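# I'll drop the sequence and a predicted model, then ask my questions.
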Amino acid sequence: MAEPSPVMTVEELEGFMDKAFPQMHEGGRLNVIEAVGPSTARLRLRYADRNLRPGGTISGPAMMALADYAMYAVVLAHIGPVALAVTTNLNINFLRKPGPADIIAEAKLLKLGRRLAVGDVLMWQDGFDGPVAHVTSTYSIPPLRDEQGNA
């Protein structure tokens with residue numbers, strides 16, 4: 001079975017995110033959508049001291065936010081700009097201590113249905129061995145509504 005193709009480009013996704021969530025880039029643009037492809041999206045969390053925890057490692061909350069953003073991006077890239085698609089589950093396994101460097105997240109859709117999208121996100125750092133985290137996530141997709149608001 002063929003992988004679903006994206007219906008939004010990187011530029012369209014970034015534009016939608018900037019308009020729908022202008023607050024996410026306060027203090028600088030750290031989350032960047034780098035690529036979308038069939039069933040995939042790749043994002044980058046640029047290194048910043050504000051994402052460090054004691055001991056010089058990237059914090060868990062920063063990595064969870066990146067994973068959630070990556071899943072949201074891959075879902076929207078394949079269904080279009082649906083702001084009310086929401087996370088219903090996110091499970092993260094931290095695999096090793098990430099150093100003070102960018103983190104790359106590769107999100108992949110495992111199932112894209114009419115009401116739910118299930119995927120995983122693998123996170124790593126360039127120049128370091130092995131992944132830093134693995135995430136599984138589910139998104140709820142709201143029903144399409146007509147001009148009268150009927151589902």
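Looks like it came in fine.

# Spit out the contact partners of the residue lying closest to Arg96 once chain neighbours are set aside.
Excluding the flanking residues, the one nearest Arg96 by Cβ to Cβ, 6 or more residues apart in numbering is Val132, at 5.6 Å. All C-beta spots, glycine's among them, are computed from the backbone N, C-alpha and C. Val132 is in contact with Ile58, Met63, Phe94, Leu95, Arg96, Lys97, Pro98, Ile103, Met123, Trp124, Gln125, counting by Cβ atoms under 8 Å, 6 or more residues apart in numbering.

# From these, pick the one nearest Leu112.
Met123 (21.2 Å; Cβ to Cβ).

# residue contacts, Arg50?
Residues near Arg50 by Cβ under 8 Å, 6+ apart: Gly27.

# From Val74, how far out is it?
According to Cβ to Cβ, to the nearest Å, Arg50 and Val74 sit 25 Å apart.

# Ok, Ser39 next?
7 Å.
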